[in-house]
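*Asks:* One predicted model, sequence on top.
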2 protein chains.
Amino acid sequence: MSSLVEVARAAGVAVSTASRVLSGSDHPISAKTRAKVLAAAEELDYSPSALARAMVSPHSRLVGVLVSDIDNPYFSVIARGVDDAASRAGYVTMLSNVDRRTGTEIDRLQAMRDYRAAGVVFAGSGYVDDPRTPDLVDAVRRAREQGVQAVSLAVRDLGCPSVVVDNRAVAHDITDHLVSLGHRRIAFIEGPTGMTVTRHRREGFLARMREAGLADSAQCQPGGFDYESGHAATLRLLARPPLPDAVIGANDEVAVGALSALRQAGVDVPGEVSVAGMDDLRLAEFVGLTTVSLPLYEMGSLAARHIIDSPPVPRPRVTTSADAGRSSGAGPTRRGGRRADPPGDGRADAPADVSADVPATTTVLGHRLTVRETTARRTGERA
Amino acid sequence: MSSLVEVARAAGVAVSTASRVLSGSDHPISAKTRAKVLAAAEELDYSPSALARAMVSPHSRLVGVLVSDIDNPYFSVIARGVDDAASRAGYVTMLSNVDRRTGTEIDRLQAMRDYRAAGVVFAGSGYVDDPRTPDLVDAVRRAREQGVQAVSLAVRDLGCPSVVVDNRAVAHDITDHLVSLGHRRIAFIEGPTGMTVTRHRREGFLARMREAGLADSAQCQPGGFDYESGHAATLRLLARPPLPDAVIGANDEVAVGALSALRQAGVDVPGEVSVAGMDDLRLAEFVGLTTVSLPLYEMGSLAARHIIDSPPVPRPRVTTSADAGRSSGAGPTRRGGRRADPPGDGRADAPADVSADVPATTTVLGHRLTVRETTARRTGERA
DNA sequence: ACCGGCTAGGCAAACGTATGCCGTAACGGG
DNA sequence: CCCGTTACGGCATACGTTTGCCTAGCCGGT
C-alpha cells in the first residue's frame, strides 16, 4: 500500500500531477507523463485513500441504511436493494440495526454523519407516537444541513424525501381478494400498536369490509409483526367459535403463525379457513401463502439512487484569502483580493442547506396481489 | 456542524487543547478550560469527523462484512452478529453482497480497504475450487499487510483467522438422530457442487451411515442451497420408488423444499417420511423442521470482536527527530530541518505486517440438535 | 537564590488527496 | 521578431484531527 506521494516520487513527478492522472482530471497531461505515473501506481499497488478523498469532497462515497433488524427478511431485501445500487455506483454501504429504538436510530445516524455519508436511508420504521420522534426529525434536519441526504422508507414524516407504498391500499386489496372469493367473516390480526403501518393496514382492511357491507363481520385481533403473535392471536380465535372464514395477518410472518396454529388445531386450510398475508417474503412462497407483493427491493435501490444521483452541495471553498484574522505567519498571500466572507462572522457561508429545503417529495410505489394455495373460494355454507 | 478549529476559537483556546478535552486525552487540562471547551462544543453542535480521525489513526472505526446475499437468513444473522458487536464498540458496519463471485469479493474488499477498515469479516463463502481464489488470498494478504484485519467464517482457507463450525459433525449429528429413530434408507440432498461446506456435510452424512452399516442405504442427490433444488430433488425421489425413510437437506431451505414436495405429493411427514435440515433458520421453526442449530450470530459477533479487540498495529510515526540520518545533503531542509526519511529509499520503515504473521488461528464453535415435528420414530416396517 | 519537577496549554507536523493558481515552455500567427 | 495562446506541470493550501515536543509559570526543596 502506498500513497500518492510515493507514486509521484517513483514516477518523478509532482504529487498534483500524479493525482490528476490517477483521478481522471480534465487537466491536460502528456501521454508520456501519464504512462510513467500509471506504471508507478501499478508497481506500488497504489489505491487512493477513500478517507483522504472524502475529506476534500463534499461527502464520502458511503451510503448508510438504518433498519430495525437486518435478520428480518422485510429489511434484508431493502438493504439488498440499497447495496446493489450503491455498489453499482462505486459506493459502499453502511448498515446499522436500530431495533425500532429511536434513540439508537439517532445515535447511528450521528455515527454515519461523522463519516460524512452521502446519505442515509431510513428503514427503521419506528413508532409514530414515539416521544423522541422530534429529536430524530431534528437530527435528520441537522444532517441534511450538513449535506447528508436522507430518504425515508417509512411513513413516519422525517422531513425528508420518502419512498413508500400505500399500506391502506395493500390491506384493501388483500381483503378484496378474500371478499371476492365469497368470504364474509374475516379476522384481521394487527401489527404492533403505535406504528403508522399498523394503523394504515387496519384502515384498509376495515374500509373494504365496510364497502362490502361486512363491517359487522370484521374482527380485529391485537397482534405484532412476528410469528408468535400470529400464532397466539389465532389460538384466541380458535377458543371462541365460530371460526372466521378467513384470517388476514398484518404481515406474512403473522399469517404463517396463524396458518400454523390452524393446522395444528386440525383446521383445513384453505378448505375451512383461508389465510392471507402481506409483504410477500420468501417465506410466503415456501408455505404457499397468498399475499401482496411489495416492491421492497426497488424501494431500497430507489432510495439509494436518489442519494447517489443527487448533486452534491459543493462545499464553499475558501479561496485562499479569508485571512482568518491575525497574521497567519509569513505569507503575504493577498493576491486574489476577493474576500469570501466578512470577517468576524463565524457562520458566514451559510447556504449549505441547499438540499434541505427542496420539497420533501414522496414517491409512492405500486404493489401486486399474489395468489397462492392458502386461499380458496368459499364453497360450503357458513356456520 | 462545526470543526474543532471553530470550537477552539469559540472557546478561546488552541486547537490542540480543544482536541485533548474532547477526545479524552490524558494530558492534564484545567477544569476551567475544560468547561469552556465543552460549552463551546455543545453550543456549536460539534461532532468530530470520523474521517479526519481515521486519517491520523492506524485504521478507521469501520468494520466490513462480506456476505453472499444479505437477503439470505443464513447471512443476515451473521451480519446481525457483526453489527451488534461493532455498534457496541462504537464502530460502524460496512456491508457488501458478493453473490459468491470471487471477483466481486476482491473488489469489495478493496473498497473497504480504501476506507481503512479496521477489519473485514468474510462470510462470502465462495467456492473452494474457484480459479480466482488465489487472487482473493493475495488480496487478503495485502490488506492484512496494510493493517486491515481479516476473519473468515467460511472453511475456505484465506490465510487469516477463522471462526467456523464443524460441518462434518453437523451432518453426522443430524444423520445420527435419524438413524437412532430407526430410519435405514436415508436420502441426502446436497449443496452446490464445489463448495467445501457441501463436501463436508456429505462426508458427515456418509460417515454416520457407514458407522451404522447403512452405507448401501445412503443415497445422495445433487442439489443446491435453495428451496427449488430441494423441491426438484425430492420430485426425483418420488419418481423412483421406494421412498426413503427420511430425507436430509443440506440446509434448511433445501429441507423445506423437500418437505413441500412430499406434502404436495400426499406423503405424510413425518408419518411416512421424516425430513430434517441444518442451520436452524427461523424458517425451520416456522415449519417445525428438525434441524441442527448453528451459532451463526455468535460467529459474526466473535469475528467482529476479534477485529475490534485486536491491538492496532501502530503506524510507525516518524517521530520528528529520529536522527533522520545525517541530513544527507540533498534536502532543502525546510525550516524545521526535518526529513521524514532518507530520500531514495522507497520502502524505509517496513514492518507494518505485524499482524499478518500471527498464526491464522481457527476457532471451532459447537452446534446443537433441535428436534421438531418433521422427524419421528419409524414404527412401521420398511418397504 | 537556584534548580528540578509539575501543570497547563500552544505550535506544528503529520495523515493523503484535490485543485486553484501560477510559471514555463512550445507554438503559431501576424 | 514579437506576442498571444495553449499544453503541461509544479506549488501551496485546504480538509479536520491527533500528538510529540516545547514553553511558561509555579511550587517546593536545598
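*Replies:* Received it, and whenever you're ready, just let me know what you need.
*Asks:* What lies in contact with stretch A:82-94?
*Replies:* A:50, A:61-65, A:79, A:112, A:115, A:117-118, A:121, A:297, A:300-305, A:308, B:62, B:70, B:92-97, B:108, B:111-112, B:115 (Cβ atoms under 8 Å, 6 or more residues apart in numbering or on different chains). Bear in mind the C-beta positions are built from the backbone N, C-alpha and C, glycine included.
*Asks:* Sitting in strands, which of the residues you listed do you find?
*Replies:* Using DSSP state E, A:62-65, A:121, B:62, B:92-97 are the members of the contacts of stretch A:82-94 that sit in strands.
*Asks:* Turn the residues you listed into CSV, including neighbour count, pLDDT and distance to A:T374.
*Replies:* Converted to CSV, those look like this (neighbours: other Cβ atoms under 10 Å in any protein chain shown; pLDDT from 0 to 100; distance: Cβ to Cβ, whole Å):
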residue, neighbour count, pLDDT, distance to A:T374
A:L62, 25, 98, 42
A:V63, 29, 98, 38
A:G64, 30, 98, 37
A:V65, 30, 98, 32
A:V121, 31, 97, 32
B:L62, 25, 97, 44
B:V92, 25, 98, 41
B:T93, 28, 98, 37
B:M94, 27, 98, 39
B:L95, 29, 98, 33
B:S96, 24, 98, 36
B:N97, 24, 97, 31
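*Asks:* so A:S49 sits right up against B:D114, yeah?
*Replies:* Yes. Because the distance of 6.5 Å satisfies Cβ atoms under 8 Å, A:S49 is recorded as touching B:D114.
*Asks:* What count of nearby residues applies to the residue nearest to A:L238 when sequence neighbours are not counted?
*Replies:* Residue nearest to A:L238 in three dimensions, not counting chain neighbours: A:A265, with 5.3 Å by Cβ to Cβ, 6 or more residues apart in numbering or on different chains. As a burial measure, A:A265 scores 14 neighbours (other Cβ atoms under 10 Å in any protein chain shown).
*Asks:* Also within reach of DNA strand D: list those from the contacts of stretch A:82-94.
*Replies:* When Cβ under 7 Å from any atom of the strand is applied, no member of the contacts of stretch A:82-94 is adjacent to DNA strand D.
*Asks:* quick one, strands of chain A?
*Replies:* Using DSSP E, the strands of chain A run over A:62-67, A:92-97, A:119-123, A:149-152, A:162-165, A:186-189, A:218-221, A:246-249, A:274-276, A:291-293, A:362-365, A:368-370.
*Asks:* And those: which comes nearest A:L22?
*Replies:* With Cβ to Cβ as the measure, strand A:92-97 is the member of the strands of chain A nearest A:L22 (19.5 Å).
*Asks:* Okay, now the sheet partners of that closest one, with direction.
*Replies:* strand A:62-67 (parallel), strand B:92-97 (antiparallel) (DSSP bridges).
*Asks:* Just the CA coordinates for the last one, please, in CSV.
*Replies:* Just to be clear, that refers to strand B:92-97. Extracted in CSV, the C-alpha atoms of strand B:92-97 (Å, rounded to 0.1, in the frame of the first residue of the first chain):
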residue,chain,number,x,y,z
VAL,B,92,-19.9,1.2,12.1
THR,B,93,-20.5,-1.8,9.9
MET,B,94,-19.9,-1.8,6.2
LEU,B,95,-21.8,-4.4,4.2
SER,B,96,-21.4,-5.8,0.8
ASN,B,97,-23.1,-8.6,-1.1
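*Asks:* circling back to that earlier point, now the strands paired with strand A:92-97 as TSV including distance to A:M209?
*Replies:* Shown next, in TSV, are these (distance: least, Cβ to Cβ, whole Å):
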stretch	distance to A:M209
strand A:62-67	32
strand B:92-97	41
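*Asks:* near chain B, which residues of the stretch 101-250 of chain A?
*Replies:* Applying Cβ under 8 Å from any Cβ of the partner chain, we find that the stretch 101-250 of chain A lies next to chain B at A:108, A:110-116, A:142, A:145-146, A:227.
*Asks:* Which of those are buried? Put it as a ChimeraX command.
*Replies:* A single ChimeraX command suffices to select whichever of these are buried according to 16 or more other Cβ atoms under 10 Å in any protein chain shown:
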select /A:108,111,112,113,114,115,116,142,145,146,227
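*Asks:* Is A:I186 in contact with A:L178, as I believe?
*Replies:* Yes. At 5.8 Å, A:I186 counts as touching A:L178 under the criterion of Cβ under 8 Å.
*Asks:* what residues are shared contacts of those two?
*Replies:* Common neighbours of A:I186 and A:L178, counting by Cβ under 8 Å, 6+ apart, are A:245-246, A:248.
*Asks:* what's the residue in the stretch 51-200 of chain A positioned nearest to DNA strand C in contact with, if anything?
*Replies:* Closest residue of the stretch 51-200 of chain A to DNA strand C, Cβ to the nearest atom of the strand: A:A52 (3.4 Å). Contacts for A:A52 were tallied using Cβ under 8 Å, 6+ apart; they are B:M55.
*Asks:* Many thanks, I have nothing further to ask.
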